[in-house]
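Chemist: here is a sequence with its predicted model. Questions after.
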Amino acid sequence: MTAAMGCLTFADLLIKIASQTLPIGQVMIFLGVGSIIVFWRLMSINGESIRFQPLIDSAVVLRNIGDLIAINSMCLALVYVPISTIGAVIQTVPLMVTAAAAIFLGERVGIKRALAILVGFFGALFIVQPGTASFNVMTSLVFVSAIGMTLRDIGTKLVHKNFSTLLLSFYSCVLFSLSGCVLLLITGGANVPTIKMALIILAMIALGSLGVILMTEAVRLGDMSVVSPFRYTRLLFSLIAGIFFLDEQVNAIMLFGSSLTILSGLYIWRREILFHR
């Protein structure tokens, strides 16, 4: 999960850089089609075929719906929202997963963990700072993406083990490409990428594909309560990407809110471990 967060964060960084030159829909098409080729090739090497029957499986449907919400919201947010802010808001995902697990998976969530979830979301308010001059209404897209990621994680956990990680990732890439096509039809303005941009896109495809594989494997093989907290490493990667590569500014209030959210998640994680013991 830690490696996945690093790969996905720097893939997001490259998406943000590419979207300054190319329409975000075109960037999504390049990334989606490139990833489709990667996963199709990996499936061929493993002797797997592309199957459409799993698409009607309820868990796969839930996963794909969550994925569709997450990828569209995230890509649009990357155009307008600082990547450091995105990384901070995404820290609410483990809190959402814990709450959703109680609903979808029947996991027990006591009063202490429920309060910790509320404190974590309270911390998210400090991150986005509504009502202040620094508030960006497009940050709401990141929260929508976090909801999508939560649905995707729950669906991934429920998916039958007979459905391979590569096949699930292939579905995600197809959805990503189709979403890009729709966005490009709406916005228009496709451009021919330069050689430099083509190299950025290739690096984006490599990092994004690897990140999806690692994240899906982490969710499928590990306990949700153990794996989810390692998503918090995304904040560190996002701060590095935002501050050192994009010269973004981070204030103390945002860091305080991030601390509240992360500490709440770690408390929930500790309670989960003690409870399972």
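Modeler: Nice, thanks for sending it over.
Chemist: quick check: the gap between Leu235 and Ser44.
Modeler: Leu235 sits 37 Å away from Ser44, going by CB to CB, to the nearest Å. (Each C-beta comes from the backbone N, C-alpha and C, glycine too.)
Chemist: quick one, which of those two is more surrounded?
Modeler: Leu235 (24 against 12; other CB atoms under 10 Å).
Chemist: any idea which helix or strand carries the more buried one?
Modeler: Using DSSP states H and E, Leu235 sits within helix 233-240.
Chemist: same check, this time on Ala101
Modeler: Secondary structure from DSSP H and E places Ala101 in helix 93-104.
Chemist: poorly predicted segments of this protein, please.
Modeler: Where the chain drops to pLDDT under 70, the residues are 104-109, 133-134, 224-225, 228, 271-277.
Chemist: what number of residues lie near Ile17?
Modeler: Residues near Ile17, counting by other CB under 10 Å, number 18.
Chemist: in which helix or strand does the spatially closest residue to Leu175 that is not a sequence neighbour reside?
Modeler: Among residues not flanking Leu175 along the chain, Leu68 sits closest, at 5.2 Å (CB to CB, 6 or more residues apart in numbering). Using DSSP H and E, the element containing Leu68 is helix 58-80.
Chemist: which elements pack onto the helix or strand following that helix?
Modeler: Helices and strands here follow DSSP H and E; after helix 58-80, the next one along the chain is helix 83-89. Counting contacts by 3 or more CB pairs under 8 Å, 6 or more residues apart in numbering; DSSP states H and E, helix 83-89 packs against helix 2-18, helix 58-80, helix 111-128, helix 140-158, helix 233-240, helix 252-276.
Chemist: need those helices in CSV (columns: distance to Phe176).
Modeler: Below are the helices and strands packed on helix 83-89 laid out as CSV (distance: least, CB to CB, whole Å):
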stretch, distance to Phe176
helix 2-18, 11
helix 58-80, 5
helix 111-128, 26
helix 140-158, 12
helix 233-240, 19
helix 252-276, 27
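Chemist: who wins for proximity to Gly87 among those?
Modeler: Closest to Gly87 of these, according to CB to CB: helix 233-240, at 2.2 Å.
Chemist: helices and strands around the closest one, which ones?
Modeler: helix 2-18, helix 83-89.
Chemist: what angle separates that helix from helix 252-276?
Modeler: In terms of direction (axes from the mean of the first three to the mean of the last three CA atoms, to 10 degrees), helix 233-240 departs from helix 252-276 by 160 degrees.
Chemist: now helix 233-240: buried residues?
Modeler: 233-235, 237-240 (16 or more other CB atoms under 10 Å).
Chemist: output the contacting helices and strands for the helix or strand containing Val219.
Modeler: For Val219, the element it lies in under DSSP H and E is helix 195-221. Under the contact definition 3+ CB pairs under 8 Å, 6+ apart, helix 195-221 sits against helix 2-18, helix 24-45, helix 140-158, helix 165-187.
Chemist: distance check, Gln132 against Phe143.
Modeler: Careful, residue 132 is Thr and not Gln. Distance from Thr132 to Phe143, by CB to CB: 17 Å.
Chemist: sorry, back to before: of all the helices and strands packed on helix 83-89, which one is nearest Leu214?
Modeler: Comparing the helices and strands packed on helix 83-89 by CB to CB, helix 2-18 comes nearest, at 3.7 Å.
Chemist: what is that closest one packed up against?
Modeler: Judged by 3+ CB pairs under 8 Å, 6+ apart, helix 2-18 is in contact with helix 24-45, helix 58-80, helix 83-89, helix 195-221, helix 233-240.
Chemist: so which of the ones you listed is the most packed in?
Modeler: Stretch with highest mean neighbour count among these: helix 83-89 (a mean of 26; mean count of other CB atoms under 10 Å).
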